[in-house]
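> Let's see this in three dimensions:
(one chain, ligands or ions: 1)
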Amino acid sequence: MSRPTGLEVRSLTVTYGSGPKAVTPLHDLDLDVPRGQFLCVLGPSGQGKSTLLRCLAGLLAPTAGTITALGEPVTGPSATRGMVFQQDAIPGWLRVADNVALGPRNRRLPESQWRPRVDHFVEAVGLRGRERAWPRELSGGMRKRVAVAAVFANDPDILLMDEPFASLDHLTRQGLHRTLLTLWQETGKTIVFVTHDVDEALALADRVVVIAGGGVRADAVVPFPRPRTDDLRMDATANALRTNLLHHLGV
Ligand SMILES: Nc1ncnc2c1ncn2[C@@H]1O[C@H](COP(=O)(O)OP(=O)(O)OP(=O)(O)O)[C@@H](O)[C@H]1O
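Presented below is the predicted three-dimensional model:
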């Protein structure tokens, strides 16, 4: 039985500017993301990955085409779609626990509704005991953990992640991959995760799409069971898939 659609993108076109300087990174792009899927979006630099994500978030209105999320048209930002960016965007003037509680607090939800969730996600990302720490007292990886806990604590249906771990070293990144996969498996959220890195996509995704030349150039299922380890680099099927994706990336 097919899962209900999380995101449905139809004939999406985005043009920045006008006249001879106009740029159209996305042209007539179609994409369906089933609910609960972990989708990675790969693509060469400047081919519209972030543009797509901003449209999905409702932060950028398409020039043409439509997007629906869980059957509703996307016309602007919504708490049902949470974003995590590459930049360390957590507010420095809020302690860890207050950062994680920021979304539900801003939505003026009663504390009894969100406090257990906040406590749970602080623990789940490994920050128990650091609730009262300031962001400046944390490492880059720990600040990322705060951002991940915060987006889950806000309980969106769909997570949109734009190269969230790009600035981290390999080991820190692997730790965050494990944490994100655990939280995804526990919560069943739909995730759209943009990355430059084929190996990151193969470590995380159910499915990978390559965006280039305005549309979806490749669309591949990632069939490997989880947890996936560095041993995947030795696997012949994984290597064939990696080579195919790199080919579509023009590498
Ligand atoms: N606000 C903007 N105004 C004008 N042009 C823009 C704007 N945002 C993006 N672009 C252009 O649109 C194209 C796609 O940009 P986008 O950031 O979506 O690509 P990307 O695939 O995410 O790139 P990268 O991998 O380098 O982050 C690029 O040519 C970029 O210069």
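
> residues in the chain within reach of the ligand, list them.
Residues of the chain lying close to the ligand by CB under 6 Å from any ligand atom are 16-17, 23, 25, 43, 45-51, 196. Bear in mind the C-beta positions are built from the backbone N, C-alpha and C, glycine included.

> Please work out the average pLDDT along the top helix by length along the chain.
Ranked by residue count under DSSP state H, the longest helix found in the chain is helix 170-187. If you average the pLDDT over helix 170-187, you get 95.

> Tell me the first helix or strand C-terminal of it.
Going down the chain from helix 170-187, the next helix or strand is strand 190-194, by DSSP states H and E.

> the inter-axis angle of that following strand versus helix 170-187?
For strand 190-194 against helix 170-187, the angle by axes from the mean of the first three to the mean of the last three CA atoms, to 10 degrees is 160 degrees.

> Each with direction, which strands does strand 190-194 pair with?
Strand 190-194 sits in its sheet next to strand 38-42 (parallel), strand 158-162 (parallel), going by DSSP bridges.

> List of residues touching the last one?
For strand 158-162, the surrounding residues in contact (CB atoms under 8 Å, 6 or more residues apart in numbering) are 6-7, 49-50, 53, 56-57, 69-70, 80-86, 151-152, 189-194.

> Likewise for stretch 56-63?
Under the criterion CB under 8 Å, 6+ apart, residues 7, 9, 12-15, 24, 26, 51, 54-55, 67, 69, 74-78, 81, 83, 158, 160, 192 lie in contact with stretch 56-63.

> That one: which residues count as buried?
Neighbour-count burial for stretch 56-63 flags Leu56, Ala57, Gly58, Pro62 (criterion: 16 or more other CB atoms under 10 Å).

> what sits against the closest residue to the ligand within the stretch 51-200 of the chain?
For the stretch 51-200 of the chain, the residue closest to the ligand is Thr51, as judged by CB to the nearest ligand atom, at 3.3 Å. When contacts are counted by CB under 8 Å, 6+ apart, Thr51 touches Val14, Pro25, Leu26, Leu60.

> Got phi/psi on the last one?
Dihedral angles phi and psi of Leu60 (degrees, to the nearest 10) take the values phi -140, psi 130.
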